[in-house]
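1. Next input, structure requested:
(chains A and B)
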Amino acid sequence: MALKNKISTALLTDTGRVRNNNEDAVAESVELGLLVLADGMGGYNAGEIASGIATTTVLETARKEWKDLQHGVIDHETGYSVEALMLKRAVENAHATIFQVSQSQPQCAGMGTTVVACILHQDILSIAYVGDSRLYRFRDGRLEQVTRDHSLLEELIARGHYTRDEAMNLVRKNIVTRALGVEDVVTVDLIEDTLEVGDILLLCSDGLNDMISDEVIGLTLNKYAANVERAAKELVRLALENGGKDNVTVALARVDASLMRSRRWYERLMEWF
Amino acid sequence: MGKLIVTDGNGNTQEILLDKERISIGRHPDNDISLNDKAVSGHHAVIVTILQDSFLEDLDSTNGTQVNAKQIAKHPLMDGDVISIGRNTMKYEGTKAAEEDFQRTMVLKPGQFTAAFDQAPSAASKPLIGKLKVANGANAGKELELTKALTTVGRPGVQVAAITRRADGYYIVHVGGAQTKRPLVNGKEIDSQAFKLNHQDMIELAGTQMNFILS
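-> A predicted model of the protein is given here:
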């Protein structure tokens, strides 16, 4: 399904003002409607190796599997679309490769990466993610964080140690509870949601959302909704202006036309009535 | 790594380094900090330490745990906090992490976390299944299990909503853009954001009322 005229995308990454190297990676396939972003960690240059493997492997897996997928089918056992399950396999492949390299190459020992990947298909958005890189959706003038970070902060909120407001001030935000390549197995979270014409999706590394608030992100997307290239530049510029303490990476996708070939997805998938 | 300066009812002090993920406090001798005080429960409280941060948790003790004279159930320890358990006080001295530590992302290994908290896995790992039960009309009583990641309900052209299953629960999302009516949850129209559903919420869509049930 060629989405060239149906979605507009913009990818941008910056080393920031403090770090010497950029451990973030970002990639896309407009053809498949796939975006992937990773934020690597580990000594020397291992962080960028991990994030690079993650984005490359996710894209490769998707390209390989795409034509054999039974598009539009929902897997009965898990309740996910075949596209979402493919994305999950792609992330698991990336994990296995990073883990194997980190085990066999001493200079890569201990490397890891976050990842957030999404596929826009048939007016459904499928997301697979691990760690604290996020996916936001901007719809009808409002920004919503769709993914929930795999972080110590979120765990402590979930366990009742903190309210969200307390946690923002108290807990260090940079401790993730899951990452690719660190342990022998990884749990990938999947989310599926609706996709509407006009939606803008934002994938970002924590170098963006640690430097500027969700409110500023929303206002920026609102202002530059018509020009995703400009919106991406503006988000990165604001993150740098507010400290740029980490690498900052954004990937934007705007839905310009329905991705359905025929009927709307909900007309085919309708459960009731 | 922080430490505790423990002072018992007789004024004896001892210093405890919080070098374990989990340090238990209570009257029973099997505690890491064993307090010989009748006002202290057998297993009274626990301090969980993750990297630099320590968290105090009362284990439903009979006489409770106070921090800075306030009753707490769970409390993130801050440098200078004074914990009172029975006739004992414990002053917490934290360490400041270096600026660099604040910026670098660190991974907490899964084992580290569960070892420290030693509890049932968080709600996310044992998902509840949601279902909708129609409350009015010809379909009253009919149930739909929400086993899919994305389930759509409603009448096309009239009003449609999608229910998405996420790690932390179910969310309802309006479908159809600004020109169509939004579903009601508990009598209130939802906005353009996904709305998290709670057990027993009443959804109203295309004239049909449905109870959201989480079990």
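2. Thought residue B:153 was touching residue B:160, still the case?
-> Yes. Assessed by CB atoms under 8 Å, residue B:160 is found in contact with residue B:153 at 7.3 Å. Yep, even glycine has a C-beta here, placed from its N, CA and C like the rest.
3. Quick check: the gap between the spatially closest residue to residue B:33 that is not a sequence neighbour and chain A.
-> Closest residue to residue B:33 apart from its sequence neighbours, by CB to CB, 6 or more residues apart in numbering or on different chains: residue B:25 at 4.5 Å. Separation of residue B:25 from chain A (CB to the nearest CB, to the nearest Å): 17 Å.
4. quick one: common contacting residues for residue B:160 and residue B:153?
-> The contact sets of residue B:160 and residue B:153 overlap at residue B:205 (CB atoms under 8 Å, 6 or more residues apart in numbering or on different chains).
5. Would you mind measuring from residue A:85 to residue B:184?
-> Separation of residue A:85 from residue B:184 (CB to CB, to the nearest Å) stands at 33 Å.
6. Please say which of these two ends up with more neighbours.
-> With neighbours defined as other CB atoms under 10 Å in any protein chain shown, residue A:85 and residue B:184 compare such that residue A:85 has more, 21 against 15.
7. and the residue nearest to residue B:33, what is it in contact with?
-> By CB under 8 Å, 6+ apart, residue B:25 lies in contact with B:31, B:32, B:33, B:35, B:40, B:44, B:45, B:46, B:47, B:85.
8. These in strands, which ones?
-> B:33, B:45, B:46, B:47, B:85 (DSSP state E).
9. and those, which are buried?
-> Neighbour-count burial (16 or more other CB atoms under 10 Å in any protein chain shown) applied to those gives B:33, B:45, B:46, B:47, B:85.
10. So for the first one, what's the pLDDT?
-> Right, the one you point to is residue B:33. Listed pLDDT for residue B:33 reads 94.
11. So what's the residue count around residue B:8?
-> Residue B:8 has 16 neighbours, counted by other CB under 10 Å.
12. Surely it is in contact with residue B:34?
-> No. Assessed by CB under 8 Å, residue B:8 is found out of contact with residue B:34, at 10.6 Å.
13. circling back to that earlier point, now, which of the ones in strands among the contacts of residue B:25 sits nearest residue A:126?
-> Using CB to CB, residue B:46 comes nearest to residue A:126 of the ones in strands among the contacts of residue B:25, at 40.2 Å.
14. can you pull up the bridge partners for that closest one?
-> Under DSSP bridges, the beta-bridge partners of residue B:46 are residue B:24, residue B:57.
15. was I right about it contacting residue B:24?
-> Yes. Residue B:46 is in contact with residue B:24 according to CB under 8 Å; the separation is 5.1 Å.
16. Leaving out sequence neighbours, find the closest residue to residue A:175.
-> Nearest non-adjacent residue to residue A:175, counting by CB to CB, 6+ apart: residue A:152, 4.0 Å away.
17. Okay, and the beta partners of residue A:136?
-> Beta bridges link residue A:136 to residue A:145, residue A:202 when assigned by DSSP bridges.
18. and it, how many residues sit next to it?
-> For residue A:136, using other CB under 10 Å, the count is 22.
19. residue ranges for the helices of chain B, please.
-> Under the criterion DSSP state H, chain B carries helices at the ranges B:99-103, B:110-117.
20. List the single closest residue to residue B:56 in space, sequence neighbours excluded.
-> residue B:75 (4.7 Å).
21. hang on, the earlier thing: going by mean pLDDT, which of the helices of chain B comes out lowest?
-> The minimum mean pLDDT among the helices of chain B belongs to helix B:99-103 (a mean of 53).
22. and residue 209, how many neighbours?
-> No chain was given, so I picked chain A. Counted by other CB under 10 Å, the residues lying close to residue A:209 total 23.
23. oops, chain B please
-> Residues near residue B:209, counting by other CB under 10 Å, number 15.
24. follow-up on the earlier one: can you pick out the most distant pair from the contacts of residue B:25?
-> In those, the most distant members under the criterion CB to CB are B:40 and B:47, with 14.7 Å between them.
25. helices or strands up against the host helix or strand of residue A:93?
-> Assessed by DSSP states H and E, residue A:93 sits inside helix A:82-104. Applying 3 or more CB pairs under 8 Å, 6 or more residues apart in numbering or on different chains; DSSP states H and E, we find helix A:82-104 packed against helix A:46-65, strand A:112-113, strand A:115-121, strand A:124-130, strand A:189-194.
26. where do the helices sit along the stretch 151-273 of chain A?
-> Under the criterion DSSP state H, counting those that start in this stretch, the stretch 151-273 of chain A carries helices at the ranges A:152-158, A:164-170, A:206-209, A:214-223, A:228-241, A:265-269.
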